[in-house]
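[1] Any chance you can model this:
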Amino acid sequence: MSKKGFRLSSLSHKYVMAAAGAFLMLFLISHLTTNLLLLAGDGGEKFDQAVEFLLTNPVIKIVEYVLFAGFIIHIILGVIIELHNRKSRPVGYKVALKSDTSAFSRFMIHSGIIIFIFLLIHLYNFFFVKLGLFPVYGGAESSHDFFPMVVVTLQNPVYAIIYIVSFVFLGFHLKHAFQSAFQSFGLNHDKYMPAIKVVGTIYAVVIAVGFSIIPLYFLFLYK
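    Below is the predicted model of the structure:
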């Protein structure tokens, strides 16, 4: 492949990855909104109603497949771009330190790996149970009875810490990813980038703190 063709391929990877990442960031807002219903103090009634709607809505089922495709595309292209970046700077880490690239950018692949491992744990705890691949637990009456399974999982200090630490890394990952998506689409105008960075930071903090509140609640406050 010519250098020009390789550059075009690299740019197309970044466009697709940015689009998949933007979709996943929108999903996180929806997912957080649903999960915060766990804190309603009604024994999971509102949360169960939201889950029932999500499980029975045919549109949501289609979105679920698109979501998985988004995750897979984002992960694969993230690895490809990281390998390309490493290949294009053979001097390695010393060069990276001298550049003006932020720490968030340099360690995106590392936070991404941590998030991927967490995603596998999260799927193991809930999604694979929903599919019937693993038995229900925590006194759940069916594979869709998530609230008691959430209680048992997040009252376990080990799982609670794993979730909280993973959400912190997710926040760091999102902080850079938010502004990076705008840059990938060529929307990084000097006039607007400062505002984009502020919005991205707020978004990352809201997502990380919002999700972290849930394991903290079940670990220390839920009886």
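[2] Can you get me a residue count around P194?
    9 (other CB atoms under 10 Å). All C-beta atoms are positioned from the backbone trio N, CA, C, and that covers glycine.
[3] which other residues reach stretch 156-170?
    For stretch 156-170, contacts defined as CB atoms under 8 Å, 6 or more residues apart in numbering pick out 111, 114-115, 117-118, 121, 125, 153-154, 207-208, 211-212, 214-216, 218-219.
[4] Kindly report the same for stretch 130-148.
    Contact with stretch 130-148 is made by 38, 43-44, 47-48, 51-52, 55, 124, 126, 128-129, 149-153, as judged by CB under 8 Å, 6+ apart.
[5] Just the buried ones from those?
    38, 44, 47-48, 51, 126, 129, 149-153 (16 or more other CB atoms under 10 Å).
[6] out of the residues you listed, which are inside helices?
    47-48, 51, 129, 149-153 (DSSP state H).
[7] could those residues be laid out in TSV, adding pLDDT and distance to L187?
    TSV is the format used below for these (pLDDT from 0 to 100; distance: CB to CB, whole Å):
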residue	pLDDT	distance to L187
F47	97	36
D48	95	40
V51	93	36
V129	94	40
M149	97	41
V150	97	38
V151	97	43
V152	97	44
T153	97	39
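[8] Could I get the pLDDT score of the most centrally placed residue in the chain?
    The residue lying closest to the centre of the chain (CA atoms, centre = their mean) is L170, at 6.1 Å. Note on L170: pLDDT of 95.
[9] element containing it, please.
    L170 is part of helix 157-184 when elements are defined by DSSP states H and E.
[10] so after that helix, what's the next helix or strand?
    Immediately after helix 157-184, counting by DSSP H and E, sits helix 193-220.
[11] and that following helix with helix 157-184, angle?
    Going by axes from the mean of the first three to the mean of the last three CA atoms, to 10 degrees, helix 193-220 is angled at 170 degrees with respect to helix 157-184.
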